[in-house]
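> Have a look at this fold, sequence not included:
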């Protein structure tokens, strides 16, 4: 085995792991005083990992990607693009975190540390070409997430969210492992490279069950219907910066991982997994749209919104074509910006004592008290609804286009119908903010970090985002092609 | 297939241990029942300490710190379990295997330093 | 012959202990029965030749996990009789899940008829190496081919450690009052600690 080459290919993970170990030592010796330093260093580590990933992406020697550690891990354009998204989302989430804890809550250096280790796990997930790499990466990121969800341990809701997430996540891991053991049993290998030829022709019942169990476990992690029930509770209970993180980086990782395992390992059984993905996509789109309607808590509403968006992303995957995978990545990038922007806007809603405001009724008439936040939040909502001048429309457009090209007109039609239902509650928020009597609850001040992240994401989803369409499309096409190159 | 005959002594030992412990428990019960009088009453069967009825449940709530110690123990226990196959296969894995284990140990030593420094190992 | 007898002994005891784990009224007894079942499972593992797994079962599961279960049972102090009251209510759901798992199991057994599987990579290069104990074989794979995953597993353990400390450890305000710093004690020299003064008659010592 060529260790030097393998180490180069796993560069982002190695770099982040070493940074994580250093951060552990800083957390041990610095204690709570080192929390801010630790956050800055963690952001630096994620920036460094992004640079390594970007450098790999433009390295001509690895245009076709490369396998590390004897096929356990594959670094290619798809992995790099997903990782860049994950790291950028992680940076955005870390920047807005410290301010949240200012108000009496305990912020500790372990927080950025756990985010860094979660990023290591997520990097492994998107690059996994072996069931074992997938599982270990998944567990590394999940374990960090469970701790993050209950990070404010004095808050009962946070503790409950962490426990719920942990128990259901462990159940999902069990289902996934069961499926993986069946897949291993029927194919004789854990490597995607070997599973693919082994699953040729008609699939036996046992192997089919294995594939379905694996997909069920993965659906849990991406919170696709019917395995979405944990999402609203966890999103509501977890501290808001953690929710911001959950709705962005791990989603990208889980979806990218699902895309790779379905298109690569189960590539010869497209008919088998596509049925499952199509069902999950449709159910997510519909349940996400309908479930959000009655919500009065903004975080809960955004949780349903993320279920809804996962459905649209899965429509891209369900096509099973390179165009679909490319559309999925474009949607994913836009989704990360929209989700990050909306949660940061929610983070900025504080009452005069500096406490977080989460109730819909409290943001009534926000446009008068905080016009800029209201404007950005409105842009995010309209973009999530897919209303044309905003960039969210482009994501939905490419996904539907890919679906129509793959002769899945019905799927696209149901998706469009559901997005009309979804538009109802997005517009409701805009209406509450602009046309209702001011509640004058949101009066707290905000710092530069929040404004920066909010401004960047707002510019991205604004019509100015269309300037990025061509480079982003080219990158997504290249990434999707890399996914199909192994065929 | 592994040669199981080397486990025969353990098996015999287990069988003898099982038989003897069963005998120690049931023989006195049987003998006393056959020879003595056996008429339990409600009062005879109540639990008591030092001649008084028990004041409270013998099970009391543990401190959460026991749990932390147990978790740390599991982690280092697993680490030790990984050392065993490493030690017997070192001639097959060579330097790569040695370096691998050293990095693994280093990761956990950092964890140990963290646990120590934050005072998780201190009781009071 | 002896193997068959041993197998049936371990298997029967395992099932009996497993049943008692679920059935016993006292949760502490449940944990103790669980330990018995772990031991019997370890015996079965030895019988199929997986000695390392047997060792792990005894060391990790009996030695650490079961102890942790005991601590958790003692820590929670739940009224288990009350908890059990919900048993009948959830019974149908439990049966449904059990049936699904049973169907899976039958499928798995059905696959047994498909013949011997070739394990490892498709070309068989990672197939079990003959002539060595399986602990050596596990080591030979784990610390060479799978070293990347092994290191990542180390990170998982580290995160578990940090997570457990973050969630349960409380810094006590009094913790540092009696804290002994041995380095500081050793660094202290006589000249730092003592001072010679010659106060004049009738005057006190100025410190």
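On my side now, so go ahead. Since this is a predicted model, take the numbers as computed values, not measurements. Numbering: from 1, shown residues only, chains lettered A, B, ... in the order given.
> where's the closest residue to chain C within chain B relative to chain A, distance?
Nearest residue of chain B to chain C (C-beta to the nearest C-beta) works out as residue B:89 at 2.7 Å. Where C-beta positions appear, they are placed from N, C-alpha and C, glycine not excepted. According to C-beta to the nearest C-beta, to the nearest Å, residue B:89 stands 16 Å off from chain A.
> got the contact list for the closest residue in space to that residue that isn't next to it in sequence?
The shortest distance from residue B:89 to any non-neighbouring residue, by C-beta to C-beta, 6 or more residues apart in numbering or on different chains, is to residue C:139 (2.7 Å). By C-beta atoms under 8 Å, 6 or more residues apart in numbering or on different chains, the residues touching residue C:139 are B:85-90, B:92-93, B:97.
> which of those residues has the most neighbours?
residue B:85 (25 neighbours; other C-beta atoms under 10 Å in any protein chain shown).
> what ranges of the chain fall below the confidence cut-off?
Using chain A here. A:1, A:103-105, A:486-487 (pLDDT under 70).
> wait, I meant chain C there
C:77-88, C:108, C:110-131, C:171-179, C:206-207.
> Which pLDDT value goes with the residue of chain B closest to chain C?
Residue B:89 is assigned a predicted lDDT (pLDDT) of 88.
> what's the next secondary structure element after the host helix or strand of residue A:79?
In this structure, residue A:79 sits in helix A:77-95 according to DSSP states H and E. Using DSSP H and E, the helix or strand that follows helix A:77-95 in sequence is helix A:97-100.
> now for that following helix, which elements pack on it?
helix A:35-57, helix A:240-246, helix A:448-461 (3 or more C-beta pairs under 8 Å, 6 or more residues apart in numbering or on different chains; DSSP states H and E).
> ok now do residue A:447, which residues does it touch?
Contacts of residue A:447 (C-beta under 8 Å, 6+ apart): residue A:99.
> Isn't the residue of chain B closest to chain C up against residue C:140?
Yes: the criterion here is C-beta atoms under 8 Å, and residue B:89 meets it with residue C:140 at 4.8 Å.
> And whichever helix or strand residue A:412 is part of, what does it pack against?
Using DSSP H and E, residue A:412 sits in helix A:409-435. Applying 3+ C-beta pairs under 8 Å, 6+ apart, we find helix A:409-435 packed against helix A:270-291, helix A:298-318, helix A:366-369, helix A:371-385, helix A:392-405.
> Please enumerate the helices of chain C.
C:2-23, C:27-47, C:51-56, C:66-76, C:80-84, C:87-112, C:134-142, C:147-168, C:182-187, C:190-193 (DSSP state H).
> quick one: the helices in the stretch 151-300 of chain A?
A:156-187, A:192-198, A:205-221, A:230-237, A:240-246, A:249-260, A:270-291, A:298-318 (DSSP state H, counting those that start in this stretch).
> May I see the buried residues of the fourth one?
By 16 or more other C-beta atoms under 10 Å in any protein chain shown, the buried positions in helix A:230-237 come out as A:230-237.
> Go through those residues and say which is closest to chain C.
Closest approach to chain C among the buried residues of helix A:230-237 (C-beta to the nearest C-beta): residue A:237, at 14.7 Å.
> What about the residue nearest to that closest one when sequence neighbours are not counted, how many residues nearby?
Closest residue to residue A:237 apart from its sequence neighbours, by C-beta to C-beta, 6+ apart: residue A:161 at 2.8 Å. As a burial measure, residue A:161 scores 28 neighbours (other C-beta under 10 Å).
> show me what contacts residue A:161?
A:149-150, A:233-234, A:236-238.
> Repeat the analysis, applying 7 Å as the threshold.
Each residue near residue A:161 by C-beta atoms under 7 Å, 6 or more residues apart in numbering or on different chains is listed here: A:149-150, A:233-234, A:237-238.
> Could you do residue A:37 as well?
Contacts of residue A:37 by C-beta under 7 Å, 6+ apart are A:26, A:30.
> same thing but at 10 Å, please
When contacts are counted by C-beta atoms under 10 Å, 6 or more residues apart in numbering or on different chains, residue A:37 touches A:23, A:26-27, A:30, A:109, A:112.
> picking up where we left off before, could you dump the buried residues of helix A:230-237 into CSV with distance to residue C:72 added?
Putting the buried residues of helix A:230-237 into CSV (distance: C-beta to C-beta, whole Å) gives the following:
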residue, distance to residue C:72
A:230, 22
A:231, 27
A:232, 28
A:233, 23
A:234, 22
A:235, 27
A:236, 27
A:237, 22
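> Share the number of residues neighbouring the closest residue to residue A:192 other than its chain neighbours, please.
Using C-beta to C-beta, 6+ apart and skipping the chain neighbours, the partner closest in space to residue A:192 is residue A:265 (4.0 Å). Other residues within reach of residue A:265, judged by other C-beta under 10 Å, total 29.
> Wait, residue A:265 touches residue A:184, no?
No: if you go by C-beta atoms under 10 Å, residue A:265 and residue A:184 don't touch, sitting 11.1 Å apart.
> Give the intersection of the neighbour lists for these two.
Counting by C-beta under 10 Å, 6+ apart, the residues touching both residue A:265 and residue A:184 are A:131, A:190-191, A:194-195.
> How about residue A:67: which residues does it bridge to?
residue A:74 (DSSP bridges).
> Now do the strands in chain B.
B:48-49, B:52-53 (DSSP state E).
> on that earlier part again, out of the helices of the stretch 151-300 of chain A, nearest to residue A:75?
helix A:249-260 (12.1 Å; C-beta to C-beta).
> I'd like to know which elements that closest one is packed against.
helix A:77-95, helix A:110-127, helix A:131-149, helix A:205-221, helix A:270-291, helix A:298-318, helix A:322-347, helix A:469-485 (3 or more C-beta pairs under 10 Å, 6 or more residues apart in numbering or on different chains; DSSP states H and E).
> where's whatever residue of chain C ends up closest to chain B relative to chain A, distance?
When scored by C-beta to the nearest C-beta, chain C has residue C:139 as its residue closest to chain B, at 2.7 Å. Using C-beta to the nearest C-beta, we find residue C:139 at a distance of 16 Å from chain A.
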